[in-house]
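**Q** Task: produce atomic coordinates for the following.
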Amino acid sequence: MAEPALRGRMLYLVGGPGNAERVDVSDLFASRLASLGLQIDYVIFDRHPSPAWRKTIWRGATAYVVGRSRRTGLTGAVINKLYEFAADLRTFWISLKGSYDIIQIRDKFVVGVLCVFSAKLRRSRFVYWLSYPYAEGRVLDAKEGRALVPWLSLVGGKVAGWLLYRVIMPQADHNFVQSEQMLLEVAAKGIPVESMSAVPMAVSDELLLKPIARVEADTILYLGTLLRVRRLEVLIEALGIVKQTHPAARLIFVGDGETPQDRLFLEQVTEKLGLSDAVEFTGMLPMSKAHDRAAAAAVCVSPFFPTPVLRTTSPTKLSEYMALGRPVVVNSHPEQSLVIEASGAGFCVDWSAAEFADAISRLLSDPEAADRMGALGREYVRAHRTYPVIARQVAERYRKLLPPDVHAS
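**A** Predicted coordinates:
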């Protein structure tokens with residue numbers, strides 16, 4: 001049965017440099033929902049140095065691109081904040097003069113407040129999409145010394161949290177959050193459960209068409225960001241233990257940090273433990289090549305350090321590993337624990353190098369069992385975690401939000 005059409009116009013601001021290329025935007029919105037008839041204009045943020053504001057076509061739709069400064073350090077950060085504030089005002093103006101049925105803001109705060117008011121003035125539906133607890137993350141970065149200007153990060157995080165939970169989300173016609181755990185934690189801050197929907201990360205169904213690759217024996221792979229907050233040194237420590245029983249074991253990091261220091265820290269840990277010959281840092285790769293490397297790994301790992309900030313996430317990498325037919329080792333985490341229990345795609349362990357090492361070694365020692373787990377994971381993703389499945393659920397929510405006369409048009 002064909003999916004019913006989704007009529008209407010949306011203005012969608014996607015916060016964060018390069019985040020429009022994430023599959024929960026590029027696949028879910030620009031491909032799936034657009035194909036149902038939803039007309040979307042975007043405000044997106046460039047990850048590369050570029051003009052402060054420009055209008056272009058992105059994935060067949062009108063897009064306003066917010067640029068970045070070529071300057072680095074504190075000066076560059078200040079200029080980028082000015083670019084963002086100017087973009088907030090421009091977005092507010094576009095939302096006022098455009099005929100949008102839905103105004104949706106993702107992971108931004110000042111413009112979220114502005115667009116709450118523009119939506120009321122234009123009698124549009126206002127929707128907020130919370131993909132990550134950025135307000136809490138800023139506070140944690142300040143307290144743990146990762147912020148460039150700690151006191152500013154602390155104040156910014158506190159203000160952002162107040163705007164989000166006292167103004168933006170209470171006034172939204174609907175809120176999308178990243179996981180069931182995030183929904184529970186946001187509800188604890190006073191946001192009604194019935195005003196929220198959890199939308200977990202998923203993968204394109206095209207990834208399931210990728211043939212099962214020839215596995216490189218004794219390879220362990222991590223795909224994703226190398227941010228210090230992830231505490232990825234635990235994987236290097238685990239490798240040292242694994243090599244006691246599997247001397248040929250190698251660890252591959254596919255991805256990079258937000259700053260050179262993120263990767264440098266892990267390289268220093270690797271050297272200190274005498275494992276430089278057994279650890280590979282690929283840096284950022286085109287997604288197709290990153291998936292090729294993951295598909296050939298004997299074991300894939302998804303560590304999420306147990307902090308309040310990370311416990312609400314919905315890891316994309318876990319669905320990607322499983323779609324590629326690879327067995328996984330994860331640590332206890334609300335979303336990951338649920339998926340592993342439901343799918344049987346690998347092992348879920350407590351956070352420690354010894355626990356990771358034991359689970360990895362068990363999979364390396366029994367390739368046939370590992371392949372069976374990988375096959376179970378692939379079938380779970382096919383049934384529950386592809387964007388055709390997610391798109392049907394999200395589209396139905398928008399249909400309930402849109403006035404009946406919009407559907408009839």
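**Q** Per the annotation, how does the protein divide into domains?
**A** The chain breaks down into these domains under automatic domain parsing: 9-202+387-408, 205-384.
**Q** Next, format those as TSV and append distance to residue 2 and mean neighbour count.
**A** Where you see a C-beta, it was placed from the backbone N, CA and C, and this is true even at glycine. Shown next, in TSV, are those (distance: least, C-beta to C-beta, whole Å; neighbours: other C-beta atoms under 10 Å):
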stretch	distance to residue 2	mean neighbour count
domain 9-202+387-408	10	18
domain 205-384	17	19
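**Q** Kindly reformat those as TSV and extend each row with distance to residue 3.
**A** Output for these, formatted as TSV (distance: least, C-beta to C-beta, whole Å):
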stretch	distance to residue 3
domain 9-202+387-408	6
domain 205-384	14
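**Q** I'd like the ones you listed as CSV, with mean pLDDT appended.
**A** Compiled in CSV, the domains of the chain are given as follows (pLDDT from 0 to 100):
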stretch, mean pLDDT
domain 9-202+387-408, 94
domain 205-384, 95
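**Q** So which elements touch the strand ranked longest in the chain?
**A** Criterion DSSP state E: the longest strand present in the chain is strand 39-49. Packing partners of strand 39-49 (3 or more C-beta pairs under 8 Å, 6 or more residues apart in numbering; DSSP states H and E): strand 9-17, strand 61-68, helix 73-97.
**Q** Report the inter-axis angle for the last one versus strand 39-49.
**A** Read that as helix 73-97. Angle, helix 73-97 to strand 39-49, by axes from the mean of the first three to the mean of the last three C-alpha atoms, to 10 degrees: 170 degrees.
**Q** State the next helix or strand along the chain beyond helix 73-97.
**A** Downstream of helix 73-97, the first helix or strand assigned by DSSP states H and E is strand 102-106.
**Q** re the thing from before, out of the helices and strands packed on strand 39-49, which is closest to residue 395?
**A** Ranking the helices and strands packed on strand 39-49 by proximity to residue 395 (C-beta to C-beta) places strand 9-17 first, at 11.9 Å.
**Q** Quick check: what element follows the closest one along the chain?
**A** In N-to-C order, the element after strand 9-17 by DSSP H and E is helix 23-26.
**Q** Can I get that next one in CSV, CA atoms only?
**A** Written as CSV, here are the backbone C-alpha positions of helix 23-26 (Å, rounded to 0.1, in the frame of the first residue of the first chain):
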residue,chain,number,x,y,z
VAL,A,23,21.0,10.7,7.9
ASP,A,24,18.2,11.9,10.2
VAL,A,25,18.1,15.0,8.1
SER,A,26,19.4,14.2,4.7
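**Q** Make sure residue 29 is actually in contact with residue 13.
**A** No: using C-beta atoms under 8 Å, residue 29 makes no contact with residue 13, being 12.0 Å away.
**Q** and the longest strand of the chain, how far out from the chain's middle?
**A** 16 Å (C-alpha atoms, centre = their mean, to the nearest Å).
**Q** ok, the nearest residue to residue 357 once chain neighbours are set aside to residue 362 distance?
**A** Of all residues not flanking residue 357 in the chain, residue 241 sits nearest, at 3.6 Å (C-beta to C-beta, 6 or more residues apart in numbering). Counting by C-beta to C-beta, to the nearest Å, the gap from residue 241 to residue 362 is 13 Å.
**Q** can you check residue 391 too?
**A** Distance, residue 391 to residue 362, using C-beta to C-beta: 37 Å.
**Q** Beyond the helix or strand where residue 382 lies, next helix or strand please.
**A** Here residue 382 sits within helix 367-384, counting by DSSP H and E. Remark: after helix 367-384, the chain's next helix or strand is helix 387-401, criterion DSSP H and E.
**Q** now the helices: where do they sit in the stretch 251-400 of the chain?
**A** Secondary structure of the stretch 251-400 of the chain (DSSP state H, counting those that start in this stretch): helices at 260-272, 287-295, 316-323, 334-343, 353-365, 367-384, 387-401.
**Q** Turn the ones you listed into TSV, including distance to residue 124.
**A** Listed next are the helices of the stretch 251-400 of the chain as TSV, based on distance: least, C-beta to C-beta, whole Å:
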stretch	distance to residue 124
helix 260-272	40
helix 287-295	34
helix 316-323	30
helix 334-343	32
helix 353-365	48
helix 367-384	32
helix 387-401	10
